[in-house]
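Participant: Quick one, fold the following:
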Amino acid sequence: MNQQKPSHAVMDQFSIENNQLMVGGLPLGKLAKRVGSTPFYAYDKHIIARRIAELRQALPAAIRLHYAIKANPMPALVQYMASLVDGFDLASQGEMKIALDTSMSADRISFAGPGKRQAELNAAIAAGVTINLESQAEFHRVLLAAEITGVKPKLSIRVNPDFELKSSGMKMGGGPKQFGIDAELVPDLLAELGRHDVEFMGFHIFSGSQNLSHEAIIEAQTKTLELAIRLAQHAPSAVQKLNIGGGFGIPYFPGESRLTLEPIGENLDSELTRIKSELPEANVIIELGRYLVGEAGIYVSQVIERKISRGEVFLIVDGGLHHHLAASGNFGQVIRKNYPVVIGNMVKGKAETVSVVGPLCTPLDTLAAKMELAEAEAGDLVVIFQSGAYGYTASPHAFLSHPPPVEVLV
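Facilitator: Residues are numbered from 1 along each chain as shown. Just a heads-up that it's a prediction; the model follows:
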């Protein structure tokens, strides 16, 4: 008896009209003509706004929602996000420039990441951005930056907890890590902060990302809040910001389902009662990137040639791993799995099994392997869903010197 293969989660965030994908209210074919060339990334503002509204509805009103710019730093998108979220979180000085060009005030921006350069620390302190300290050595470099700029630094401590986010696609805490300060070392650093002219803001405790299990997220959030309460007993002043990270994932591969938000919100609602009692001045922050923008983005390439080799059909397109490394399977996958893909200008039609490959001279340049898609010809548009995060900027555009893709916000 044949077992049915698992299928992708239904990609219903984009509507379909006249058998074409609609993006930002436009049929894909019309959008492609407006863009003027392929390949391109397109991000739908309406889908982003809807996702944030769903989060606001599911989570307690007291939760502050921050956007992690590293997921997608397109300037127009970040400008748009500034009106929808409560703050930004950065991972570089380049992202800081993008953030400070928006209407978001610096006191609602934080800067994390190991190995911040001295120039980055100087700039962040001068701008009034909160620095999430990743080590004691970084704190000493912050003190030097404070002398250089003449500005009192705003500091949070990024804590490497003694637990991890179970079922996480990428573990950022627990065990030895380059991220954050081991929880058992934090009390001594807090004491040292108290001996210097700095403004202590709070804690950043980020244990993992890309998680589809609400049970695992609830467990991690509960442990995170307990850890913050314990560490706050050693703090030189009241905790103002408590960033509990994110970890909310989106479904990429066959067999994965969307995250259930309601239990997470219910647990946080209960936990916040204790937080208000123990840490009355703390704003609890959830930091999300992929979850806010990932499903709102598509990557579009055009079929150059339909090729048959020894009975197998290949759609050779003008995009590839140099534009979308993650979809090719070369951005962390151990066993390559397909992203959800459709023929965007002809979503439904006679189906066939095909592989979608790019123009690069390497067998790694595969965007879809033996997938059931509508029968396509040269000129048709191949769409890769779930491309709004870690797509454009996570890809090696210079590889083999092909032109880069375009990005549009619609």
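Participant: What segments of the stretch 251-400 of the chain are helices?
Facilitator: 262-278, 290-293, 325-328 (DSSP state H, counting those that start in this stretch).
Participant: What are the contacting residues of the longest one?
Facilitator: It refers to helix 262-278. 58-60, 62-63, 214-215, 217-218, 221-222, 225, 229, 232, 242, 282, 284 (CB atoms under 8 Å, 6 or more residues apart in numbering). Quick note: C-beta positions are derived from backbone N, CA and C, even for glycine.
Participant: packing partners for the strand or helix carrying Ile217?
Facilitator: Using DSSP states H and E, Ile217 maps to helix 214-232. The contact analysis (3 or more CB pairs under 8 Å, 6 or more residues apart in numbering; DSSP states H and E) places helix 214-232 against strand 154-160, helix 186-193, strand 199-204, helix 262-278.
Participant: Please tabulate the ones you listed in JSON lines and include mean neighbour count, mean pLDDT and distance to Gly247 as additional columns.
Facilitator: JSON lines is the format used below for the helices and strands packed on helix 214-232 (neighbours: other CB atoms under 10 Å; pLDDT from 0 to 100; distance: least, CB to CB, whole Å):
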{"stretch": "strand 154-160", "mean neighbour count": "25", "mean pLDDT": "96", "distance to Gly247": "15"}
{"stretch": "helix 186-193", "mean neighbour count": "17", "mean pLDDT": "96", "distance to Gly247": "21"}
{"stretch": "strand 199-204", "mean neighbour count": "24", "mean pLDDT": "98", "distance to Gly247": "13"}
{"stretch": "helix 262-278", "mean neighbour count": "16", "mean pLDDT": "96", "distance to Gly247": "10"}
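Participant: Relative to Ser355, which of these is closest?
Facilitator: helix 262-278 (37.8 Å; CB to CB).
Participant: Just want the angle from that closest one to helix 214-232.
Facilitator: 10 degrees (axes from the mean of the first three to the mean of the last three CA atoms, to 10 degrees).
Participant: Alpha carbons of helix 262-278, in CSV - could you do that?
Facilitator: Extracted in CSV, the C-alpha atoms of helix 262-278 (Å, rounded to 0.1, in the frame of the first residue of the first chain):
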residue,chain,number,x,y,z
GLU,A,262,-4.0,31.3,20.8
PRO,A,263,-2.3,29.1,23.5
ILE,A,264,0.8,31.3,23.4
GLY,A,265,-1.3,34.4,24.0
GLU,A,266,-3.2,32.7,26.8
ASN,A,267,-0.1,31.7,28.6
LEU,A,268,1.5,35.1,28.2
ASP,A,269,-1.7,36.7,29.6
SER,A,270,-1.3,34.6,32.7
GLU,A,271,2.5,35.1,33.0
LEU,A,272,2.2,38.9,32.7
THR,A,273,0.3,39.1,35.9
ARG,A,274,3.4,37.8,37.7
ILE,A,275,5.7,40.1,35.7
LYS,A,276,3.6,43.2,36.6
SER,A,277,4.0,42.2,40.3
GLU,A,278,7.7,41.3,40.2
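Participant: residues in contact with the helix holding Ile217?
Facilitator: Outside helix 214-232, the residues within contact range by CB under 8 Å, 6+ apart are 157, 159, 161-168, 183, 186-187, 190, 202-203, 205, 207-208, 211, 239, 242, 244-245, 247-248, 259-261, 263-264, 267-268, 271, 274-275, 278-279, 282, 284.
Participant: what's the average pLDDT for stretch 22-37?
Facilitator: Confidence over stretch 22-37 (mean pLDDT, whole number) is 98.
Participant: for stretch 136-151, that is, sorry about that
Facilitator: 95.
Participant: For that stretch, C-alpha coordinates in CSV please.
Facilitator: Extracted as CSV, the C-alpha positions of stretch 136-151 are listed here (Å, rounded to 0.1, in the frame of the first residue of the first chain):
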residue,chain,number,x,y,z
GLN,A,136,32.0,41.4,29.4
ALA,A,137,34.7,42.5,26.9
GLU,A,138,32.0,44.2,24.8
PHE,A,139,31.0,46.1,27.9
HIS,A,140,34.5,47.4,28.3
ARG,A,141,34.5,48.5,24.7
VAL,A,142,31.1,50.3,25.4
LEU,A,143,32.8,52.2,28.2
LEU,A,144,35.4,53.3,25.8
ALA,A,145,32.7,54.3,23.3
ALA,A,146,31.0,56.3,26.0
GLU,A,147,34.2,58.3,26.6
ILE,A,148,34.6,58.9,22.9
THR,A,149,31.0,60.1,22.3
GLY,A,150,30.3,61.8,25.7
VAL,A,151,26.9,60.1,25.8
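Participant: quick one: buried residues of it?
Facilitator: Of all the residues in stretch 136-151, those buried under the rule 16 or more other CB atoms under 10 Å are Glu138, Phe139, Arg141, Val142, Leu143, Ala145, Ala146, Thr149.
Participant: Please apply the same query to stretch 224-232.
Facilitator: For stretch 224-232, by 16+ other CB under 10 Å, it's Thr224, Leu225, Leu227, Ala228, Ile229, Leu231, Ala232.
Participant: what's the distance between the fourth one and Tyr390?
Facilitator: Pointing back at Ala228 there. 28 Å (CB to CB, to the nearest Å).
Participant: Repeat that for the fifth one.
Facilitator: Between Ile229 and Tyr390 the distance is 33 Å, computed by CB to CB.
Participant: Same question for the first one.
Facilitator: Distance check for Thr224 against Tyr390: by CB to CB, it reads 24 Å.
Participant: And Ser207, what's its pLDDT?
Facilitator: 80.
Participant: right, I mislabeled it, should have said Asp44
Facilitator: 98.
Participant: cool, and Lys5?
Facilitator: 81.
Participant: Likewise for the one 5 residues further on?
Facilitator: Among the per-residue scores, Val10 holds a pLDDT of 96.
Participant: That one belongs to a helix?
Facilitator: No - Val10 is assigned coil when assessed by DSSP: H, G, I helix; E, B strand; the rest coil, not a helix.
Participant: and Pro280, how many residues sit next to it?
Facilitator: Residues near Pro280, counting by other CB atoms under 10 Å, number 9.
Participant: Not counting residues beside it along the chain, what's closest to it?
Facilitator: The shortest distance from Pro280 to any non-neighbouring residue, by CB to CB, 6 or more residues apart in numbering, is to Ala238 (7.7 Å).
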